[in-house]
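A.B. asks: Fold the following.
(chains A and B)
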Amino acid sequence: DTGVSQNPRHKITKRGQNVTFRCDPISEHNRLYWYRQTLGQGPEFLTYFQNEAQLEKSRLLSDRFSAERPKGSFSTLEIQRTEQGDSAMYLCASSLVLAGGAGEQFFGPGTRLTVL
Amino acid sequence: GDSVTQMEGPVTLSEEAFLTINCTYTATGYPSLFWYVQYPGEGLQLLLKATKADDKGSNKGFEATYRKETTSFHLEKGSVQVSDSAVYFCALNRDDKIIFGKGTRLHILP
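C.D. replies: Numbers count the residues shown, from 1 in each chain, chains lettered A, B, ... in the order given. All right, here's what the predicted structure looks like:
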C-alpha cells in the first residue's frame, strides 16, 4: 500500500499524559499537513511542512502541540499534558506541490485520540 | 475569513433516488472547490473538484458546478446506491490549506 499511513490508529490516554503520533506520507510528496477533526465537525487545519520546514501553524495549535518532520519524510505530532478537549481524530495528508501550483492532498486514515 | 456551509444531515434516501447536498462558501477571490467523501472506517478521499467559475467536477456519477453568482457548489447524483452511504464534505482551498464544511452524513436504504 503506497498511501498515507498513520500510527497508531487509536490512542487512549489519561489527562496530563504526553502522546505522539506518526504520519508516513506518500514517498515522493514534498508537503505534509496535519488536521484535527472533532465529532460532528469537518477537519480543521493545524500545520504543514514543505520538506522539513514547518511553513505555517494554525492558532488552534497551542504551545502544548509540536510537530516535526526532521528528514522531510515522516512527521510526528506530539501533544504534551493532554486535556479532554484534545480528544479528536488527527488526520495527516500529503501532496506533491510543484512551482506555481497546488497538488491534491491525499489523506491518511487518522489517529483517534481519546483523553480520559 | 473563508468558510464553507453545507446542509446538515443525516440525509436518508432510498436506492435510485436523486441526491442533492447543498454547499455554499464565503471567500475572497475564486478558490478551488472540492467534495470529499469519508466511507465508514476509511480516510478522506477526494470525490471531485472544480478550479474556476462554471467548471463542473464529476466522478462516480456525482457532479457539482462552481457557481460564483450564488457562491455555491451543490453535489448531485441522479441515482444513488447503497454503496454511496458515507459522510460528504464540501471544501475550498485557501493558500494550500483546505477549509472544510461540517459534513453531511448520507444513508441509502436498499
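
A.B. asks: Please enumerate the strands of chain B.
C.D. replies: For chain B, the strands defined by DSSP state E cover B:3-6, B:11-14, B:19-21, B:23-26, B:32-38, B:44-50, B:56-59, B:62-65, B:75-77, B:86-94, B:97-100, B:104-109.

A.B. asks: Let me see the contact set for residue 81.
C.D. replies: You didn't say which chain, so I picked chain A. A:16-18, A:64 (Cβ atoms under 8 Å, 6 or more residues apart in numbering or on different chains). (Glycine included, C-beta is placed from N, CA and C.)

A.B. asks: nope, chain B
C.D. replies: B:15-16, B:108.

A.B. asks: bridging residues for residue A:7?
C.D. replies: residue A:22 (DSSP bridges).

A.B. asks: where's it relative to residue A:21, distance?
C.D. replies: Note on residue A:7: its distance to residue A:21, by Cβ to Cβ, to the nearest Å, is 7 Å.

A.B. asks: what touches both of the two?
C.D. replies: By Cβ under 8 Å, 6+ apart, the residues touching both residue A:7 and residue A:21 are residue A:111.

A.B. asks: how about the nearest residue to residue B:67, chain neighbours excluded?
C.D. replies: Excluding the flanking residues, the one nearest residue B:67 by Cβ to Cβ, 6 or more residues apart in numbering or on different chains is residue B:73, at 7.1 Å.

A.B. asks: Show the pLDDT at the one you found.
C.D. replies: If you check residue B:73, the pLDDT there is 98.

A.B. asks: ok, the closest residue to residue A:116 other than its chain neighbours - contacts?
C.D. replies: In this structure, residue A:116 finds its nearest non-sequential neighbour in residue A:14, 5.3 Å apart by Cβ to Cβ, 6+ apart. Contacts of residue A:14 were listed using Cβ under 8 Å, 6+ apart, and they are A:82, A:115-116.

A.B. asks: Sort out which one of these lies nearest residue B:33 for me.
C.D. replies: residue A:115 (34.3 Å; Cβ to Cβ).

A.B. asks: can you map out the strands along chain A?
C.D. replies: With DSSP E as the criterion, chain A has strands at A:5-7, A:10-13, A:19-24, A:31-37, A:44-50, A:53-57, A:65-68, A:75-79, A:88-95, A:106-107, A:111-115.

A.B. asks: how about the ones you listed in TSV, adding distance to residue B:44 and mean neighbour count?
C.D. replies: As requested, the strands of chain A are exported to TSV (distance: least, Cβ to Cβ, whole Å; neighbours: other Cβ atoms under 10 Å in any protein chain shown):
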stretch	distance to residue B:44	mean neighbour count
strand A:5-7	12	18
strand A:10-13	18	14
strand A:19-24	14	18
strand A:31-37	9	24
strand A:44-50	13	21
strand A:53-57	20	13
strand A:65-68	19	17
strand A:75-79	17	20
strand A:88-95	7	24
strand A:106-107	4	22
strand A:111-115	14	18
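
A.B. asks: Now render those strands as CSV, adding mean pLDDT.
C.D. replies: Shown next, in CSV, are the strands of chain A (pLDDT from 0 to 100):
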stretch, mean pLDDT
strand A:5-7, 96
strand A:10-13, 98
strand A:19-24, 98
strand A:31-37, 96
strand A:44-50, 96
strand A:53-57, 93
strand A:65-68, 96
strand A:75-79, 98
strand A:88-95, 96
strand A:106-107, 94
strand A:111-115, 97
